[in-house]
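# Build me a structure from this.
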Amino acid sequence: MGAAAGQEAAGPAAPDVIEGVLDRVAYRADDAGFTVAKLQVDGRAESVTVVGALGEPFAGEPLRLFGAWRMHPQFGRQFEVQRYESVRPSSAAGIERYLGSGLVKGIGPGLAKALVRHLGADTLDVIEQDPARLQSVPGIGPGRATRIRKAWEQQSAVRQVMLFLMSHGVSSAYAARIYRTYGSGAVRAVEANPYRLAHDVHGIGFIKADQIAQHLGFQADHPARIAAGLTYALSRATEEGHAFLPAQMLLERSTALLKVEAAAVEPVLAQMTVTGQLIRDAALGQDAIYTPGLWEVENALARAVARVAISRSQRPVAPEKVDAWLGHQEIMQGLELSPAQRQAVHLALAHPLMVLTGGPGTGKTTVTNLIVQALEARGLTVSLASPTGRAAKRLAEVTGRSAQTLHRLLRFDPSRQAFAADHANPLDCDVIIVDEASMLDLHLAHALFDAAPDHAKLILVGDADQLPSVGPGSVLADLIATPGIVVCHLDQVFRQAAASLIVLNAHEINQGRMPRLEDARSYREHDCVFIDAQGAEETAQRTVQAAARSLPRLGYPAAGIQVLAPMHRGPAGVAALNEQLQAAVNAAGPAKAEVSRGGRTFRVGDRVMQTVNDHDRQVYNGDTGSITAVNADEKLLTVDFGDGPVEYGQDDLDELQIAYAVSVHKSQGSEFAAVVIALDMSHYMMLQRNLLYTAMTRARRLCVLVGDKRAIARAVRNDQSDNRYGLLRARLLALRDGAK
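Below you'll find the predicted structure:
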């Protein structure tokens, strides 16, 4: 019922207000800023428990809190903070405790005592208005007085920004990042356009920026909001692997995201294409909307591929000499090459660009070795590389030669956020061979082709039936599908490989047929087995049991066992599996130091994965390692990725995730002694043929499928891999036709 006639409806109750000095912080959640603390309030014998978003308060800090009293069923009466203000202390004792709390950099308890002893209750006024008087304090000269004043000004600016941001729904962790990005101009920057946070500040996306904007009063149809929404929709499409979106699809996605009419979005989209914030490309039969960066890199990659494949001439090698050399190698190495393998070596020697593709057991490794040997026999220098550290290490093992990641080969320069090797500063080699080429996205492929010397060969080796790259584009598939690009497809499974059920099942899946599912009790007889489980919870339970107990009993070392799942969320997703696996193989203990961040706990011995490219540390998205040291007090940990220790501070822990289980996408380029794959109908949306094929071919000695046969059947039937929007193939054809 509404308010009675003639009466006004009651407004919200005014908040309670308490004021006091922060005694100690009992608990603080880093990401949310949620704090449980004790506050000494004048007139109260015992301190008050306060809870809420308090940022990063210091013991001794005077605060005025606005909120409401609540009775917690377990912890009793508490004051729930809605907002707060930092109060300037007025008494000498309060000032001494305030300055000695560590709030102001460079002032500790001893200096705080000395300052207040000489300046009394005027100490803060002196620091702010007459810092020269600080020199009257013994031990403080002009330099130190200046440093104290600057530290005070910085602290005041930080506090002002933090209070403003947190009053608009920003957690203390994000507020600190915003301040580090914009400095003292943070308030002005956020008030003018909060949507720029999504671009400028790591960890703040469109959704969070939109929440802040709503606090600031931005309307749903504000042009800045719509522009940010369009950019966000395109960035989400990039995460799905698209290079662009058709204009109509972008409009549909943006209107659904922003909950506005298309009439409000269309003029903003048109304006963004006029100003160059977005690129509209209709030249190749698609009304395509790109971000400027992806449009440029796709065009540049097409030109670089054409330069390699079309413009270069290679010194021919007499076919009969190649055949004679191959015959000699068959005798010397005990090989029996298939016609396709022989053809691959011929093509590699005859053409400036070649793609070598084929499934497991078809001899790609044998051919790659022969190509390297044949090229070196001609006196050519060969550089071997792969997109990931694991794949590069495996390439080095199978070839007996040095191999490195593409980032190392191309010499990424963190100071410029760019590769040092490019067309103006090409690589110093005659041949570049890249394994696991299915992982090449548009950006990395462009960097590779751009850095290739004018005289060099490029040979890309990869399985075209695996999942495409995590980043945008379908580079390997586009190259294979482009007429004029030399491709050798190995399709004969050799006798040795045919004895492996992993290999046979992978090919069965690739042909759309159900794999042969041997019972897990035949671990010792077969290298691919199945454990039946009904429902996500049972799938997770049996997956953990297999990885943490059964396989170690069979002699598989923990480092050689990897759990894979199609999705991150859900009871049988990566996150839940990692929680259970960590508890099973590396549980908490009184003598085991740990640090927590974002709901994740890291302990010595944990397997972790890097989730973003960190060029400063030279670790990259997908690299895995183990935690070798934890400093719980300073929230530091050390990870060994195989090339020495790498240190992470508290703010860097967002780059890591526990990796006893990883997604199938993240496992690309890796190979493990044993793989345990969780497959449940709760993964329905991700169950695709190339995903199951990729997961199974990560196993070298043993593959264990755990879950529901219906989920396996769904994946086998579903060969409708996500169609990625991109125009690389069309651009290559246009360049080829233009060159004729």
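
# from here on, contacts and neighbour counts on C-alpha atoms
OK.

# Do I have it right that Ile561 meets Glu671?
No: assessed by Cα atoms under 8 Å, Ile561 is found out of contact with Glu671, at 10.0 Å.

# The two: which is more packed in?
Ile561 (23 against 19; other Cα atoms under 10 Å).

# can you tell me the helix or strand for Glu537?
helix 536-545 (DSSP states H and E).

# name the helices or strands packed onto that helix?
helix 574-585, strand 672-679, strand 699-707 (3 or more Cα pairs under 8 Å, 6 or more residues apart in numbering; DSSP states H and E).

# now Tyr648: how far from Glu579?
Applying Cα to Cα, to the nearest Å, the value for Tyr648 to Glu579 is 21 Å.

# ok, now Leu458?
For Leu458, the distance to Glu579 - Cα to Cα - is 43 Å.

# out of these two, which sits in the more crowded spot?
For Leu458 versus Glu579, neighbours defined as other Cα under 10 Å are more numerous around Leu458 (25 against 17).

# The more buried one in helix, strand or coil?
Here Leu458 is recorded as strand under DSSP: H, G, I helix; E, B strand; the rest coil.

# just so I have it, where are all the helices in the stretch 601-740 of the chain?
689-696, 709-717, 728-739 (DSSP state H, counting those that start in this stretch).

# most packed of those?
helix 689-696 (a mean of 25; mean count of other Cα atoms under 10 Å).

# Which strands and helices lie in contact with that helix?
helix 501-510, strand 672-679, helix 709-717.

# And the strands in the stretch 451-600 of the chain?
Taking DSSP state E, counting those that start in this stretch to define them, one finds strands in the stretch 451-600 of the chain at 457-462, 486-490, 518-519, 528-532, 561-565, 594-597, 600-603.

# what's the most buried one of those strands?
strand 561-565 (a mean of 26).

# That one pairs with which strands?
Taking DSSP bridges as the criterion, strand 561-565 forms sheet pairs with strand 661-663 (parallel), strand 672-679 (parallel).

# residues making contact with it?
With contacts defined as Cα atoms under 8 Å, 6 or more residues apart in numbering, strand 561-565 is touched by 543, 547, 551, 572-574, 660-664, 667, 672-679, 695.

# Just the C-alphas of that strand, formatted as CSV.
C-alpha atoms of strand 561-565 as CSV (Å, rounded to 0.1, in the frame of the first residue of the first chain):
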residue,chain,number,x,y,z
ILE,A,561,49.8,-36.2,-14.9
GLN,A,562,47.5,-33.5,-16.3
VAL,A,563,43.8,-33.1,-15.8
LEU,A,564,41.8,-31.5,-18.7
ALA,A,565,38.2,-30.2,-18.8
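
# I'd like to check the angle between it and helix 574-585, please.
150 degrees (axes from the mean of the first three to the mean of the last three Cα atoms, to 10 degrees).

# chain center to strand 561-565: distance?
18 Å (Cα atoms, centre = their mean, to the nearest Å).

# do the same with stretch 364-371
With Cα atoms, centre = their mean, you get 33 Å for stretch 364-371.

# pLDDT below threshold where in the stretch 201-350 of the chain?
Residues of the stretch 201-350 of the chain meeting the criterion pLDDT under 70: 310-316.

# now the helices and strands packed on helix 689-696 in CSV, with mean pLDDT?
Shown next, in CSV, are those (pLDDT from 0 to 100):
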stretch, mean pLDDT
helix 501-510, 92
strand 672-679, 95
helix 709-717, 94
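
# among those, which is nearest Thr601?
Thr601 sits nearest to strand 672-679 of all the helices and strands packed on helix 689-696, at 22.9 Å, using Cα to Cα.

# show me where the stretch 51-200 of the chain has helices.
So, for the stretch 51-200 of the chain - with DSSP H, counting those that start in this stretch - the helices run 92-100, 109-119, 123-129, 142-166, 172-182, 186-192, 197-200.

# helices or strands next to the first one in the packing?
If I follow you right, that is helix 92-100. helix 109-119.

# Any chance of the helices and strands packed on helix 689-696 in TSV with distance to Ala424 as columns?
What follows is these, written out as TSV (distance: least, Cα to Cα, whole Å):
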stretch	distance to Ala424
helix 501-510	42
strand 672-679	39
helix 709-717	46
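
# Please identify which of the ones you listed is closest to Arg117.
strand 672-679 (66.5 Å).

# what's in contact with the helix holding Glu537?
Outside helix 536-545, the residues that reach it (Cα under 8 Å, 6+ apart) are 531, 533, 563, 570-572, 577, 580-581, 584, 676-682, 706-707.

# tell me the most buried of the helices of the stretch 51-200 of the chain?
That would be helix 92-100, which, of the helices of the stretch 51-200 of the chain, has the most neighbours on average (mean count of other Cα under 10 Å), namely a mean of 22.

# What's the mean pLDDT across it?
Mean pLDDT, computed over helix 92-100, is 77.

# where's it relative to the chain centroid, distance-wise?
With Cα atoms, centre = their mean, you get 44 Å for helix 92-100.

# Residues contacting it, please?
59-62, 89, 107-113, 115-116, 120-121, 123-124.

# can you check stretch 517-526 too?
Ser500, Leu501, Cys528, Val529, Phe530, Ile531, Leu702, Val704.

# go again using 10 Å as the cut-off
Residues from elsewhere that reach stretch 517-526 (Cα atoms under 10 Å, 6 or more residues apart in numbering): 499-502, 505, 527-532, 546, 550-551, 554, 701-706, 709.

# next one: stretch 644-651
Taking Cα under 10 Å, 6+ apart as the rule, stretch 644-651 contacts 30-31, 173, 177, 595-597, 617-619, 625-631, 634-640, 653-656.

# Which ones among those residues lie within strands?
Members of these lying in strands (criterion: DSSP state E): 595-597, 625-631, 636-640, 656.

# Just the buried ones among those, please.
By neighbour count, with 16 or more other Cα atoms under 10 Å, the ones in strands among the contacts of stretch 644-651 hold 595, 597, 625-630, 636-640, 656 as buried.

# Now render the helices of the stretch 601-740 of the chain as TSV, adding distance to Met514.
Shown next, in TSV, are these (distance: least, Cα to Cα, whole Å):
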stretch	distance to Met514
helix 689-696	11
helix 709-717	6
helix 728-739	33
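
# Just give the number of residues close to the closest residue to Ile140 other than its chain neighbours.
In space, and not counting its chain neighbours, Ile140 is closest to Leu134: 6.7 Å by Cα to Cα, 6 or more residues apart in numbering. Leu134 has 23 neighbouring residues, counting by other Cα under 10 Å.

# Tell me the spacing between Leu134 and Asp623.
52 Å.

# Ok, Val187 next?
37 Å.

# before we move on, what about Val260?
From Val260 across to Asp623, the span is 41 Å (Cα to Cα).

# who has more neighbours, the two?
A direct count of neighbours by other Cα under 10 Å for Val260 and Asp623 places Asp623 higher, at 21 against 14.

# Please enumerate the shared neighbours of Ile561 and Glu671.
Common neighbours of Ile561 and Glu671 (Cα under 10 Å, 6+ apart) are Ala699.

# didn't Val260 look like it was pressed against Pro223?
No: judged on Cα atoms under 10 Å, Val260 makes no contact with Pro223 at a distance of 11.6 Å.

# that older thread, quick check: of the buried ones among the ones in strands among the contacts of stretch 644-651, which lies closest to Gln492?
Nearest member of these to Gln492, counting by Cα to Cα, is Gly625, at 35.7 Å.

# Could you measure from the closest one over to Val41?
Using Cα to Cα, Gly625 is found at 49 Å from Val41.

# One more: Gly205?
39 Å.

# what's the answer for Phe218, then?
38 Å.

# Arg600 too?
35 Å.

# next one: Ala632
32 Å.

# Looking at the two, which is more packed in?
Val41 (18 against 15).
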